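Q: Just need the structure, nothing else, for what follows:
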Amino acid sequence: MIGAMRPTARALAAAAVFSFVFPAPAQAQKLPNLVEITPRLFTSGQPGADALGDLKAQGFEAVIYLAPPTVSDAVKDEPLILARQGITYVNIPIRFSDPTEADFETFAAVVSSLAPRKVLVHCQVNMRASSMVFLYRAIKLKEPPDAAYKAVAQVWSPHGPWKKLMEAQLRKNGIAFEPY
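A: Numbers count the residues shown, from 1 in each chain. Here you go, the predicted model:
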C-alpha cells in the first residue's frame, strides 16, 4: 500500500511508523518501553524521578510498581513523589526469577480495585508489567489472548519462569493460547 502513495505521503507514512516503533528519545527516557494498552492503562519500564514527578500532569491517578523496591534502579522516593501528586501507589514486589500465581492474583485484585482510574503499571524494563497485564486482560477481562499478547511482544518474548507462569495460568482458566 505504501508503494502506491505519492513520495510525500510515503515519507510521512514511514515517519509515522518509525515514530510509533521508536519513541522520541525524550519520551523513551521518561517512560521507557511505554505501551498504551487502553487510554486508561499503560505499562512501562522504570521511570526516573523526573518522569514520576510529571505523571499527574499526564492524567495518571495510580501507579503499580511490580519490582521489589530494593532493585538497583528503583527510585527510592517513588512513593513520596507520587503521594505529593495525590497519585495512588501500590508496590507488588514480584521476584523476577520466581513469579507466582499469588503474585498474579494480588495484581489482578489491585488493578480491578483501581478501575476506572488512569493507571501506570511499571517494573524495571516492562517485562513483569507487560506479562501481568496480559494475564489480567486474557483471564479477568476475557480479551482474546492473541490480541492481548501483542503488547507483551512489543517488549519481550517471555521465557523461563514467566512463560511457565503464563502457560499455567492460561491453562488453569481454560484458555487455549501458547505464548510465543
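Q: Point out where the protein drops to low pLDDT.
A: Where the chain drops to pLDDT under 70, the residues are 1-29.
Q: where exactly do the helices run in it?
A: With DSSP state H as the criterion, the chain has helices at 7-21, 25-30, 49-52, 78-83, 101-114, 127-135, 145-153, 160-172.
Q: With adjacent residues omitted, what lies nearest to the residue positioned nearest the centre of the chain?
A: Compute the mean C-alpha point of the chain, and by Cα atoms, centre = their mean the closest residue is Thr43, 2.0 Å away. Take Thr43 and drop its neighbours on the chain: the residue closest to it by Cβ to Cβ, 6 or more residues apart in numbering is Ala129, 4.1 Å away. In short, each C-beta sits where N, CA and C put it, glycine included.
Q: The one you found is in contact with Cys123, isn't it?
A: Yes: between Ala129 and Cys123 a contact is recorded at 4.7 Å, counting by Cβ atoms under 8 Å.
Q: quick one: which of these two has more around it?
A: Applying other Cβ atoms under 10 Å to Ala129 and Cys123 shows that Ala129 carries more neighbours, namely 31 against 26.
Q: Can you name the residues that contact that one?
A: Going by Cβ atoms under 8 Å, 6 or more residues apart in numbering, Ala129 touches 43-45, 64, 66, 121-123.
Q: which one of the residues you listed is nearest Ala151?
A: Thr43 (6.9 Å; Cβ to Cβ).
Q: how close does the residue nearest to Thr43 sit to Gly86?
A: 22 Å (Cβ to Cβ, to the nearest Å).
Q: One more: Ile175?
A: Taken as Cβ to Cβ, the span from Ile175 to Gly86 is 37 Å.
Q: Give me the more crowded residue out of these two.
A: Counted by other Cβ under 10 Å, Ile175 and Gly86 do not tie: Ile175 has more neighbours, with 16 against 8.
Q: any idea how far Ala148 is from the more buried one?
A: 10 Å.
Q: any common contacting residues for the two?
A: By Cβ under 8 Å, 6+ apart, the residues touching both Ile175 and Ala148 are Ala138.
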